[in-house]
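In: Fold the following and give me the result.
(3 chains)
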Amino acid sequence: MTFLRTCLVVLLLIPAVLDVPARAQQPPPQQQDEFIPIEKLPPQDQLPAAPLLVAAYAFVALALFAYVVSVARRLGNVQQELNRLESELKRSGRT
Amino acid sequence: MPKWFTPAVVICGLMFAVAPVLIAEAPYESTMGLVQKIFYVHLPSAWMFLLAAITCGVASVRYLFGGNPRHDRIAWSAAELAVLFGAITLVTGPLWARKAWGTWWQWDVRLTSSLMGWMVAVAYLLLRKYGGPGSDKLAAGLALFGMANVPFVYISVNFWRTIHPTTNVVPTLPTSFGVPLWFSAVTFLLLFVLLLRMRIRLEEQRSRLDALYLAMDEHR
Amino acid sequence: MFARIVWLVLRKDFTVEVRSLEIAYTTLFFAISCVLVFAFALVQEGRTPEGGAAGILWIAIAFSGTLALGRTFERERQSETLRALLLAPAARPAVYLGKLLGIVGLLLAAEMLLVPLVTLLFQAPLLEHPTWLAVILVAGTIGFAAVGTLFAAMLVRVRSRDVLLPVLLYPITVPVIIAGVRATAALLEPQLDTGIIWFWLALLACFDVVFVTLALWTFEPLMTD
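Out: Just a heads-up that it's a prediction; the model follows:
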């Protein structure tokens, strides 16, 4: 079980640390040249980039964290079941 | 778990801690500014999605024609990782696109092909979960077909777009943003290997559990 | 020997079907209902959206096809004939091919009804170039049915087979749908551009060859249980 705890503790650091780019951001340059795909699309100057960036990184962290927790939990359940069965088998099965 | 697992976890955690610093210090891309920094997680996730899909496909073929349950375990674990990294790619992509292209979604060939590949991976998981006994081989067949389908999807979506009056060209991704990208990619790769190993262990334990149940029934 | 088994399976399916015509009638009527739903949903002020007819045709084919596949193998499952087929000393791929041809026949029959219906309801000149249309429909139907027959056979003993069949089938047959719709839409253009049609036909032909081959190859290991 200790390796699972190590995984969880170490990977719990990720959301805390990934806040760094959000806090350390500089304001974007004034006349930002938008990537205009074709002539017809209006330039979207007013759209702030920060919420999108934060949302992206937050989603990544959340998804990875949720998956690790899910696998760890399933593994824990199976391990528990295994231990229970093994002790039961030892007690009754070896006749 | 093998001996390399715990040290690898520590290294991976450290790399994840260092990565944001490198990303924050990377130079601004001239046309897209701040939002382009999503690229440092979007591109490695896309690569891991591709790697997971290929792993699942190859393992499925080996399982289908070889029957070794170990390959089946690898295939199932890889499919889950494909769904995970595919979801990350398909969410971070539109978030970036919203600023860079002005819309959330374009019927871009790469986006659409990735979405279809992701759907096949989700279908694989649904089949494994709700298919009942025997779904291991069936899912392997699905994975094989999914893999064979990739060039067809790519070609058909590509020409489906271009013959139609299109609105967009895929923005050329910057070819070398050097250190932060490769660091991020290696971090994700290490994470992929760790997650895969962990997930395979879950399957191994499940198999042991099934074997134990069978042994118990025999003893009765 | 191989061809004989294919013929026997095909003839068996045809004979059983002709007795009750259950799948034929229900699939055809479903196809009609499908097109009508699209008509009510999409037609505004008596006019269809631009280029809608091709898409509607192929969606109707895809939905009817899924239904027909499900029903065909459900019938096999209920009479346990699939197990009998697999136990017979016949090459498995031949059984698959026989089943595939049966499904293709059924779908082509449905399409013969669908095309005039779509032409009528959506004012689409589908029947202007009948040979082109026939080739496109045959190529697309074979592709769709090739994957569909394998998946439906494979899911026969699976619990949630009714909902899993479309879930598995549609992502894989996306290229067929795209190619079929684009080729049919090119037919509906006032100026016929045969270059585009040849391109999509080539894609469909490759898809058919690759996936029929794959299905023949994997039918044996997938149905062994």
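
In: Which stretches in chain C count as helices?
Out: For chain C, the helices defined by DSSP state H cover C:2-20, C:22-42, C:52-78, C:81-87, C:92-122, C:130-154, C:161-172, C:174-188, C:194-223.

In: Lowest mean pLDDT across those, which one is that?
Out: Note on the helices of chain C: lowest mean pLDDT is at helix C:81-87, with a mean of 81.

In: still on that earlier bit, quick one: the helices of chain C as TSV, columns for distance to B:V9 too.
Out: Placement of C-beta: from N, CA and C, glycine included. Conversion of those to TSV gives the following (distance: least, CB to CB, whole Å):
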stretch	distance to B:V9
helix C:2-20	55
helix C:22-42	53
helix C:52-78	45
helix C:81-87	48
helix C:92-122	47
helix C:130-154	39
helix C:161-172	34
helix C:174-188	39
helix C:194-223	37
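
In: want to throw the ones you listed into TSV with distance to B:W105 and mean neighbour count?
Out: Shown next, in TSV, are those (distance: least, CB to CB, whole Å; neighbours: other CB atoms under 10 Å in any protein chain shown):
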stretch	distance to B:W105	mean neighbour count
helix C:2-20	43	14
helix C:22-42	22	16
helix C:52-78	19	21
helix C:81-87	42	14
helix C:92-122	28	20
helix C:130-154	26	23
helix C:161-172	17	20
helix C:174-188	16	24
helix C:194-223	24	19
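
In: What strand or helix carries the residue positioned nearest the centre of chain B?
Out: Most central in chain B under CA atoms, centre = their mean is B:F49, positioned 2.1 Å from the mean C-alpha point. In this structure, B:F49 sits in helix B:39-66 according to DSSP states H and E.

In: Okay, C:V209 and C:L203: tell me how far apart.
Out: Distance from C:V209 to C:L203, counting by CB to CB, to the nearest Å: 11 Å.

In: same deal with B:L127?
Out: 27 Å.

In: and what of B:W105?
Out: Taking CB to CB, one finds B:W105 at 24 Å from C:L203.

In: and if you look at A:A63?
Out: Taken as CB to CB, the span from A:A63 to C:L203 is 35 Å.

In: and what of B:P94?
Out: Going from B:P94 to C:L203 by CB to CB gives 28 Å.

In: before we move on, back to that, can I get the helices of chain C in JSON lines including distance to chain A?
Out: Supplementary listing: those in JSON lines, determined by distance: least, CB to the nearest CB, whole Å:
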{"stretch": "helix C:2-20", "distance to chain A": "44"}
{"stretch": "helix C:22-42", "distance to chain A": "26"}
{"stretch": "helix C:52-78", "distance to chain A": "24"}
{"stretch": "helix C:81-87", "distance to chain A": "34"}
{"stretch": "helix C:92-122", "distance to chain A": "30"}
{"stretch": "helix C:130-154", "distance to chain A": "27"}
{"stretch": "helix C:161-172", "distance to chain A": "22"}
{"stretch": "helix C:174-188", "distance to chain A": "22"}
{"stretch": "helix C:194-223", "distance to chain A": "23"}
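
In: what about the ones you listed, which gets the closest to B:R201?
Out: helix C:194-223 (27.1 Å; CB to CB).

In: just the angle between that closest one and helix C:161-172, please?
Out: If you take axes from the mean of the first three to the mean of the last three CA atoms, to 10 degrees, helix C:194-223 sits at 140 degrees to helix C:161-172.
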